[in-house]
Every structure is written in structure tokens, then in C-alpha cells.
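K.L.:
no sequence on this one, just coordinates:
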């Protein structure tokens, strides 16, 4: 596996499974309990690092089906407020956006990676990523985020994402199979298909992101809203880390750290 280095942090290639804490600056988010107001961003990020996060992922826009629209200018303002609060903190930061003008604004701050759920489907966005020289986290997306449903389509779409990386000269990246209810028509069965086949994505030879925290497919199985999905999230995070995930994206950093510590101890024996 080819490692990806973010702000001196090696990911993949024999490194421990890393934890990406979610800094959610969108009050429209599906998980209301994760919303962080601008004045609380720095404190939240530092608390996540103290709890075991290796980096934090800052986003300001809800992305699930039925989410209210948000203009790029409004997203840009939210992101700027959050990133200004983090400047000088020493926290490793990725920015979760797919809008070129938002990314351009984010690059004025201390950011260390780009999390693109569009999988470089926007050529202008891809050029900004290339010119920034930052590593990228890239989700399986053909034309809109998460439009690949199930394992075969996701496998093919990640190949397309890699072609975009080659075309634009982007060499440092992490692949995200894109588990979640991204577009109408995707079902929980599609997500469980990705969970069951997650280990097969290791064939790309790149670090893999597991982003399942409190998502809808868990709620449908357990019959619970986002607030009641912690145990299910931890169970799937453990399974995906065991299957080869290099990074786990999590709302609940301390609990995720404990689960991964147990797995590491078992695997050490």
C-alpha cells in the first residue's frame, strides 16, 4: 500500500488506524447532536485531539437527500469562521467541501487536506486540489456524490476517481467507498454490501476511509435515530478497521479510540 502523509501524519502502510474527528458546522445536519457553533470550534477540535483524534474534518453543509440547499457563499462564510478559529491551534485539519469557491477560501487558512465527496468530478475543483499540493480524500462519485450504489458500481467508480487523479497529477490521496444514503434510490442493502466487501477495496493499494458514524443504514437496522446509533457505529467501525480501513471518521472520538485500541491489542498477539 502507498502511504498518504497529511501534515506529517503517515496514513496506511503499516501505520495505526487513524481517527478523523467530525467538526460539523452545519445546523441542518442529520445528527443535530454534532453541531458546533463557530465560537466552539477550537475548543471542540482540541478536545477531540485530547480524546485521540489524529485530525479533524471541518464541514459546513448537510449532504444527505432532502437536505436544504445552501449557497456556496453561505458555506464559505461558515467555513471561514471555523477555520479562522483553528488557525494556530496545531490541529491537523481537512476541509469537507465540493465547491471550488469554498475550497479557494479555505486555502487561505491552515488546512492540511481536502475531503472531496465529489471524487474530483468537478475539473475546476480538481485543479484547485492539484495546485494546493494538499493530499485529498476522495469519495466514489461519478457525477454527484454517492451515485455509485453497491459494491460493483463503487469499485468501478473508484477506478474512475483514480483516473481523475492521474489526469490532474494528484498523487497523495485516500479513497472513500462512500457508505451512506447519498442519493435517492440508494438503500441500506447497498451500504451493507459495501461493508461486507470493504476489504476488497485494498486492491487499489491506497489508504481507505471508513465513514459510517451514526448513518441511516444503521438506524434502519436498529430502529433508532442518530442519537441512538453509537453502538452500531462502533461495531461497524471495528469491522472495517479489521478489514483494512486506514482512517475512521467519527463523531465520537473517545469511544472510537477505545474500540481501535482493543483491536490493535488483539492483532498484536
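P.N.:
Structure's in. What do you need? It should be emphasised that the depicted structure is a prediction, and the values quoted were computed from it without experimental measurement.
K.L.:
Which strands and helices lie in contact with the top helix by length along the chain?
P.N.:
Taking DSSP state H as the criterion, the chain has its longest helix at helix 151-168. Helix 151-168 is packed against helix 123-132, strand 136-139, strand 173-176, helix 188-196, with contacts defined by 3 or more Cβ pairs under 8 Å, 6 or more residues apart in numbering; DSSP states H and E. Yep, even glycine has a C-beta here, placed from its N, CA and C like the rest.
K.L.:
Go again with 7 Å.
P.N.:
The contact analysis (3 or more Cβ pairs under 7 Å, 6 or more residues apart in numbering; DSSP states H and E) places helix 151-168 against helix 123-132, strand 173-176, helix 188-196.
K.L.:
now the strands for the protein?
P.N.:
Here the chain has its strands, by DSSP state E, at 4-6, 9-11, 18-24, 55-59, 93-96, 113-116, 136-139, 173-176, 209-211, 247-250.
K.L.:
and residue 226, which of the ones you listed is closest to it?
P.N.:
Between residue 226 and those, the tightest spacing by Cβ to Cβ is seen for strand 18-24, at 11.3 Å.
K.L.:
Buried residues, the closest one. List them.
P.N.:
Of all the residues in strand 18-24, those buried under the rule 16 or more other Cβ atoms under 10 Å are 18, 19, 20, 21, 22, 23, 24.
K.L.:
And stretch 159-176, by the same measure?
P.N.:
In stretch 159-176, counting by 16+ other Cβ under 10 Å, buried: 160, 161, 162, 164, 165, 168, 170, 172, 173, 174, 175, 176.
K.L.:
which one of those sits closest to residue 240?
P.N.:
So of these, ranked by how close each gets to residue 240 (Cβ to Cβ), first place is residue 176, at 11.4 Å.
K.L.:
hang on, the earlier thing: as JSON lines, the strands of the chain with mean pLDDT and distance to residue 257 would be great.
P.N.:
Compiled in JSON lines, the strands of the chain are given as follows (pLDDT from 0 to 100; distance: least, Cβ to Cβ, whole Å):
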{"stretch": "strand 4-6", "mean pLDDT": "98", "distance to residue 257": "18"}
{"stretch": "strand 9-11", "mean pLDDT": "98", "distance to residue 257": "15"}
{"stretch": "strand 18-24", "mean pLDDT": "97", "distance to residue 257": "6"}
{"stretch": "strand 55-59", "mean pLDDT": "98", "distance to residue 257": "13"}
{"stretch": "strand 93-96", "mean pLDDT": "98", "distance to residue 257": "18"}
{"stretch": "strand 113-116", "mean pLDDT": "98", "distance to residue 257": "20"}
{"stretch": "strand 136-139", "mean pLDDT": "98", "distance to residue 257": "20"}
{"stretch": "strand 173-176", "mean pLDDT": "98", "distance to residue 257": "19"}
{"stretch": "strand 209-211", "mean pLDDT": "98", "distance to residue 257": "14"}
{"stretch": "strand 247-250", "mean pLDDT": "98", "distance to residue 257": "9"}
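K.L.:
With that, I have no additional questions.
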